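K.L.:
output the structure for:
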Amino acid sequence: MCGPRGADKVEWFTAEHEVPGSDDLCFLTDSTPGSRRSSHLKACGVAIEEGPVIKQGARGALRSVYCRDPDGSLIEISSYES
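P.N.:
Numbers count the residues shown, from 1 in each chain. Sure thing, here's the model as predicted:
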């Protein structure tokens with residue numbers, strides 16, 4: 001498991017299939033992941049798992065949108081709040 005021992009999918013949002021080689025990826029961007037980004041992802045056929053939501057990052061508050069790649073790995077697209 002990639003998260004804390006005993007954590008479930010609600011407590012620790014992660015890949016669909018926790019196996020060697022699966023990844024959770026975070027992409028940082030300067031653009032705001034608001035409704036325009038979500039609309040673009042949906043128009044491309046990408047299902048939004050969660051977001052936009054505020055999460056705590058290493059350098060402060062992040063606004064994030066979560067989706068999955070074709071293998072079920074979790075993809076986070078984030079930007080730091082100004």
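K.L.:
alpha carbons only for contacts and neighbour counts from here, please
P.N.:
OK.
K.L.:
which element follows the helix-or-strand element of the chain with minimal mean pLDDT toward the C-terminus?
P.N.:
Ranked by mean pLDDT, DSSP states H and E, the helix or strand of the chain with the weakest confidence is helix 35-43, at a mean of 82. Proceeding N to C from helix 35-43, the next assigned helix or strand is strand 50-57, under DSSP states H and E.
K.L.:
could you check the angle that following strand makes with helix 35-43?
P.N.:
Interaxial angle, strand 50-57 versus helix 35-43 (axes from the mean of the first three to the mean of the last three C-alpha atoms, to 10 degrees): 130 degrees.
K.L.:
quick one: strands adjacent to strand 50-57?
P.N.:
strand 60-68 (antiparallel) (DSSP bridges).
K.L.:
in the partner strand, which residues are buried?
P.N.:
Within strand 60-68, the residues that count as buried by 16 or more other C-alpha atoms under 10 Å are Leu62, Arg63, Ser64, Val65, Tyr66, Cys67, Arg68.
K.L.:
okay, these in TSV with pLDDT and distance to Cys44 next?
P.N.:
Listed next are the buried residues of strand 60-68 as TSV, based on pLDDT from 0 to 100; distance: C-alpha to C-alpha, whole Å:
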residue	pLDDT	distance to Cys44
Leu62	89	24
Arg63	89	21
Ser64	89	18
Val65	90	15
Tyr66	91	15
Cys67	91	12
Arg68	88	13
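K.L.:
what about stretch 49-64, how long is it end to end?
P.N.:
One end of stretch 49-64 sits 11 Å from the other (C-alpha to C-alpha, to the nearest Å).
K.L.:
re earlier: what's the least confident helix or strand of the chain in contact with?
P.N.:
Ala47, Ile48, Pro52, Val65 (C-alpha atoms under 8 Å, 6 or more residues apart in numbering).
K.L.:
the first one contacts Cys67, doesn't it?
P.N.:
Yes. Ala47 is in contact with Cys67 according to C-alpha atoms under 8 Å; the separation is 6.1 Å.
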